[in-house]
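Asks: curious how this folds, go ahead:
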Amino acid sequence: MKTITTLSKYFFLPSLLIAAFIFISCSSSGSERKMSGPPFENTMWALISVTGDSVTADFDVKFSTGQVTGTGPCNSFTGVYNLNGTVVSISKILSTDVGCAQIQMEGEYLRLLGAAQRYDIQNGYLKIFTSVDYKVMTFAPAN
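Replies: This next block holds a predicted model:
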């Protein structure tokens with residue numbers, strides 16, 4: 001019995017230290033995680049897809065000091081946004097009122113922006129996750 005107690009003493013402490021190291025290494029909050037690509041703010045972003053479906057019209061957006069601005073195929077818009085780590089909310093969106101063939105698509109774009117919940121930047125692409133049917137807007141830096 002003494003051999004088992006001695007062995008468990010030698011294996012228990014190192015096992016506990018390894019487990020603690022793994023736990024600490026793997027547990028970091030999303031806001032501390034480094035994102036790969038241009039910064040969320042002060043970058044002009046061009047919409048390239050919504051939940052994997054390519055976008056055929058030009059939409060862009062820029063976030064700067066609490067103000068969001070951008071254009072669609074018909075109108076320009078402005079609004080306000082708040083950040084808390086990777087949580088983003090966009091509200092008070094106002095746009096000009098010019099009609100064109102893509103006006104319905106533009107309305108959906110603004111509706112999705114207004115439903116933003118969080119964002120992520122990976123491999124140079126901005127993804128905005130919305131509360132509308134789990135839709136994800138994917139943007140690339142505009143040229």
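
Asks: how about the residue lying closest to residue 122 once chain neighbours are set aside, secondary structure?
Replies: With CB to CB, 6 or more residues apart in numbering as the measure, residue 36 is the residue that lies nearest to residue 122, at 5.7 Å, once sequence neighbours are left out. (C-beta placed from N, C-alpha, C; glycine too.) Using DSSP: H, G, I helix; E, B strand; the rest coil as the criterion, the local structure at residue 36 reads coil.

Asks: residue 36 - how many residues pack around it?
Replies: Here the number of neighbours of residue 36 (other CB atoms under 10 Å) works out to 11.

Asks: same check, this time on residue 84
Replies: Residue 84 has 9 nearby residues by other CB under 10 Å.

Asks: what do you get for the one 10 residues further on?
Replies: Around residue 94 there are 12 other residues, counting by other CB under 10 Å.

Asks: quickly note the distance from residue 55 to residue 108.
Replies: As defined by CB to CB, to the nearest Å, residue 55 lies at a distance of 10 Å from residue 108.

Asks: typo on my end, it should be residue 141
Replies: Here residue 141 is placed at a distance of 23 Å from residue 108 (CB to CB).

Asks: what's the answer for residue 118, then?
Replies: Distance from residue 118 to residue 108, by CB to CB: 20 Å.

Asks: would you check that residue 67 makes contact with residue 77?
Replies: No - here residue 67 does not reach residue 77: they are 11.0 Å apart, not a contact under CB atoms under 8 Å.

Asks: these two: which is more packed in?
Replies: When residue 67 and residue 77 are compared on other CB under 10 Å, the one with more neighbours turns out to be residue 77, at 19 against 12.

Asks: just checking: what are the partner strands of the helix or strand harbouring that one?
Replies: Element membership of residue 77 [criterion: DSSP states H and E] is strand 76-84. Strands that pair with strand 76-84, judged by DSSP bridges, come out as strand 67-71 (antiparallel), strand 87-95 (antiparallel).
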